[in-house]
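build me a structure from this.
(chains A and B)
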Amino acid sequence: MASIINSISFKNFFNYYGELSDNQYDLKEGVNIIVADNGGGKSKFFNAFLWLFNNQILDSDDKIRKNIKDIYVKIVSDKAKNETKIREKVDCAIQIEYTFGNRHKYQIIKSFTLTKLNDNISDPSSWQFTMNDTEVNKTELILTKYKPIYDEDDKKNIIDRLIMPAFRKYSFFQGEEVDDIIDFGEKESIEEAVKNLTDISKYNELVEITEEFKLKAEKDLSNQNTANNKQANDLSAAIEEKERVQEQLKHELKKLKEWEITFSDAEKEKNHLDKTYANADKRKEIDDKIRPLNRKLKDKAAEFEEFLDKVNNRFFDGNFSWIAMGFDQVVKDFRSLNDKFIDERYKKKALMDIEESPNNYFHFLPVNSPDSVSIQNMIDNEHCYVCDRPAKEGSHEHDYLVKLKNRPSSNVEKDKSFVVNDLKDFFGNIQINAQPFYSRIPDVRNSIKLTKEKEKDIKRQISQIKAKLKSLKDQRKDVFVAGEDSETSDAQILSSYQGAIRRMQDATNKIDDILRPKIKRLKDQIKNIENEIDSLSKTQDIPKGFKDNYEISVDIARATLNAKDRVYNNMVQLLEEHANNHFKNLTVNNDLAGGILRFEKTPSDSINFVYSDSNGNIVYGSSEGFQRMKKFSVVMAIISANSSDYKYPLLADAPISAFGEGFTEGFFEASGKVFPQSIVLVKEIYKRDDDMKINDLGRRLLKDENVKTMYVNHVPEGAEQIELVTTKTKLK
Amino acid sequence: MSNRNEILKEILSDKELMEKYNIKKEQLEDLKPFRPGSKKIVDVLTTIINENDNKRSSRQIYGTIKNLHKI
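Just a heads-up that it's a prediction; the model follows:
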């Protein structure tokens, strides 16, 4: 009987705006794929399960899982928050329906309500938060109506049954978390898996008990040995000797334990340093990509600044003349007005000239006659000899003679103003200066359009660089999280590394060459003494029950210890087989041949994970895709090696992001075989410009009979945050 | 088959033990403790496994075993 999720619905949960019925994803047994581009609601979908199981949500800003009550404002759809009026309420909820076996169906609803206090929607203090009770309902599959469950323990059991807490780490993970499930640097992770999958802890208990019973049986036997003869003395001596050897064995076992700890610590340090090394390399690799991008971003930002400056200049630059846009008619008007002005001006000037110098226009005498000497004589004599009449001083005739004498030598009096403000030059200058502008008016619109395009282009380039940088920085952050940003110098790391390897070697020598042989010798001695005790006790007059008890106890203790080792080794071997099968399947679509996974026992009895080529040489530094697949193979082996069928669905958010199509295809094939149901959120098969929004691999998967449902999520392009709504198309 | 039976079978399948107590391979598939003719080692081991599973203390279990041996 397995848990199968039938549907998941959201109400105003992040971008899933609207009622539960608007955002319902129906799911089936088998493979279910939800395809979405970045920001298309994949992680939000996954977050619903985080809420369901842990009352937590992953804050995408700092990648930290936070309690619902600490992050409620971010959880509710911005559109819903924006549409809510002050003092009104908005609900946020998730609903999951699942069946267990073929009889019962369950419905779980988790929700909270916010009451709006003011309009600053992203401020937590603008909202009053109320966490609602978890609703759990149950129904028989043949019935349609749910009945509520009230008991809190029952509710918890129903939620737990969907995926039992001990198995969640194999069944419920997000992206790089696969790396943490099986941390090959921590030997305990495989051992813990073996522990989870086998009854090994039961065997451990039995080993302890049977060992204890062996000693008790021996003591009981010894107490029965009361006869005082030689055989009895021999028996006592044998028992005493056995006790002494057992003491020695205890001492040696203690030493072994200490050396095992030494080995294990050194191994841990080595593995940790391996990781730091790897991380240092990885960080450097990422940094090498970040640096030129940062430079490029700086250059582009400068280019954009310069571009913006140029935009201002283009208003007044004659080559662009943007300021003249729309002035086509004005130019015509100006020209005709100016023509009119010039006409008027000339008329006015001509009139004044005539008045001022009529002689220039109306000639009674030849020009420049009479000569100035004759005029002087006429002035002096107060008589005009031209028209022969008196010209007494003060008379009009006399004044005229004086004027005539003072007439200018040239014909035109240039600077004499004839209007209060002569605007001829002003208008002329306007016309001259404006000429380059109005000649460009027809091109202005096109020029602005081109500039706009250029602006868009630079902005696009900048945001592309920023996106690349962000992704690299995120990767770098992941590397930090996975390892640690060590300040230690390379030389120090190297020396610690060599130290750890030396200590491991010392411990291996001590354990394998000295302690183990010595312990084996002591155990053999004890076994021989036990045989002696056995035969001596047989001849003694001791009730048969005590003898049987002793003999059987010794044999059971030994057989139990052997069985424990056998079960453990078999499971490790089985895991190795399964892991290799899965690894082959996962990497089947890759051109590069994957290596072989081996689980090896170390001197400290822990399991070491080795990745080697077909000739048995250890492979280091294979691509991250292979590394991830290696780990995923082990996770799947842990599940498939389990003798009973795995009962829980796989919920995975971007488990294979950015490793290429080969891995993606292999992942769906392999996970379909191991998990009764898998719900996988991916972006790898999303294709924006396709009418179905999926790429060729997506189309292939759509036809695959193991794939039972496929949804594509959409978000409007370039929408404001408060308008962001995730919608979906069901392709299958 | 229950886990208890699996563990019982696994421990009894020890080669040395099978030889010494004359346990046949086919008998391992169908162990019948506490029946007339059942082997004492099977009864004792069954008791240890079951009683440990029932969360009885080792002192209590040992007492039961002693009863089996009538001592």
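
do the helix or strand bottoming out on mean pLDDT in chain B and chain A meet?
Taking mean pLDDT, DSSP states H and E as the measure, the helices and strands of chain B show their lowest mean at helix B:25-29, namely a mean of 86. No: Helix B:25-29 stays out of contact with chain A when judged by CB under 8 Å from any CB of the partner chain, the minimum separation being 12.5 Å. Every C-beta, even on glycine, is put in place using the N, C-alpha and C of the backbone.

could you say which helix or strand holds the residue positioned nearest the centre of chain A?
Nearest residue to the geometric centre of chain A (CA atoms, centre = their mean): residue A:474, 6.4 Å. If you go by DSSP states H and E, residue A:474 is part of helix A:424-482.

now the strands for the stretch 51-200 of chain A?
Counting by DSSP state E, counting those that start in this stretch, the segments of the stretch 51-200 of chain A that form strands are A:56-59, A:64-67, A:89-100, A:104-116, A:127-131, A:135-140, A:147-149, A:172-174.

how many other residues sit next to the residue of the stretch 51-200 of chain A found nearest chain B?
Closest approach of the stretch 51-200 of chain A to chain B (CB to the nearest CB) occurs at residue A:199, with a separation of 5.8 Å. For residue A:199, the count of nearby residues is 18 (other CB atoms under 10 Å in any protein chain shown).

and the end-to-end length of stretch B:53-71?
The stretch stretch B:53-71 measures 24 Å between its terminal residues, going by CA to CA, to the nearest Å.

which other residues reach that stretch?
Outside of stretch B:53-71, the residues that reach it under the criterion CB atoms under 8 Å, 6 or more residues apart in numbering or on different chains are A:202, A:209, A:212-213, A:216, A:220, A:543, A:545-546, A:548-549, B:4, B:40, B:43-44, B:47-48, B:51-52.

so which of those residues are in helices?
If you go by DSSP state H, these have A:202, A:209, A:212-213, A:216, A:220, A:545-546, A:548-549, B:4, B:40, B:43-44, B:47-48, B:51-52 in helices.

going through the residues you listed, which ones are buried?
For the ones in helices among the contacts of stretch B:53-71, burial is judged from neighbour counts taken by 16 or more other CB atoms under 10 Å in any protein chain shown, and it is met by A:202, A:209, A:212-213, A:216, A:220, A:545-546, A:548-549, B:40, B:43-44, B:47-48, B:51-52.

quick one: pLDDT of the residue nearest the centre of chain B?
With the centre of chain B defined as its mean C-alpha position, the nearest residue by CA atoms, centre = their mean is residue B:45, 2.6 Å away. The predicted structure scores residue B:45 at 95 on the pLDDT scale.

same question for residue A:375.
For residue A:375, the model assigns a pLDDT of 85.

just how off-centre is the strand or helix carrying it within its chain?
Residue A:375 belongs to helix A:372-381 when elements are defined using DSSP H and E. The chain centre lies 110 Å from the centre of helix A:372-381; the measure is CA atoms, centre = their mean, to the nearest Å.

list the buried ones in that helix?
By 16+ other CB under 10 Å, the buried positions in helix A:372-381 come out as A:375, A:378, A:379.

can you give me the neighbour number for residue 46?
If you meant another chain, say so; for now it's chain A. Using other CB under 10 Å as the criterion, residue A:46 is surrounded by 22 other residues.

wait, I meant chain B there
Burial of residue B:46 is recorded as 21 neighbouring residues (other CB under 10 Å).

which non-adjacent residue is nearest it?
Taking CB to CB, 6 or more residues apart in numbering or on different chains, and ignoring the residues beside it in sequence, residue B:46 has residue B:33 as its nearest neighbour in space, at 4.1 Å.

on that earlier part again, wouldn't the residue of the stretch 51-200 of chain A closest to chain B be in contact with residue A:564 here?
No: because the distance of 9.5 Å does not satisfy CB atoms under 8 Å, residue A:199 is recorded as not touching residue A:564.

report the secondary structure state of the residue nearest to residue A:27 when sequence neighbours are not counted.
Closest residue to residue A:27 apart from its sequence neighbours, by CB to CB, 6+ apart: residue A:5 at 5.2 Å. The assignment at residue A:5 comes out as strand when based on DSSP: H, G, I helix; E, B strand; the rest coil.

what's the separation between residue A:451 and residue A:323?
Summarising the geometry, the distance separating residue A:451 from residue A:323, computed by CB to CB, to the nearest Å, is 14 Å.

these two: who's more crowded?
In this view residue A:451 and residue A:323 are compared by other CB under 10 Å, and residue A:451 has more residues nearby, 16 against 13.

what packs against the strand or helix carrying residue A:666?
Element membership of residue A:666 [criterion: DSSP H and E] is helix A:661-674. With contacts defined as 3 or more CB pairs under 8 Å, 6 or more residues apart in numbering or on different chains; DSSP states H and E, the secondary structure elements packing on helix A:661-674 are strand A:30-35, helix A:544-586, helix A:624-640, strand A:650-653, strand A:677-682, helix A:696-703.

now render those as a markdown table, adding distance to chain B and mean pLDDT.
Formatted as a markdown table, the entries for those read as follows, by distance: least, CB to the nearest CB, whole Å; pLDDT from 0 to 100:
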| stretch | distance to chain B | mean pLDDT |
| --- | --- | --- |
| strand A:30-35 | 30 | 92 |
| helix A:544-586 | 4 | 88 |
| helix A:624-640 | 19 | 74 |
| strand A:650-653 | 26 | 84 |
| strand A:677-682 | 26 | 89 |
| helix A:696-703 | 39 | 88 |
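
using TSV, lay out these together with distance to residue A:466.
Converted to TSV, the helices and strands packed on helix A:661-674 look like this (distance: least, CB to CB, whole Å):
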stretch	distance to residue A:466
strand A:30-35	25
helix A:544-586	34
helix A:624-640	24
strand A:650-653	24
strand A:677-682	24
helix A:696-703	28
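
which among these is found nearest to residue B:13?
Closest approach to residue B:13 among the helices and strands packed on helix A:661-674 is made by helix A:544-586 (7.6 Å; CB to CB).
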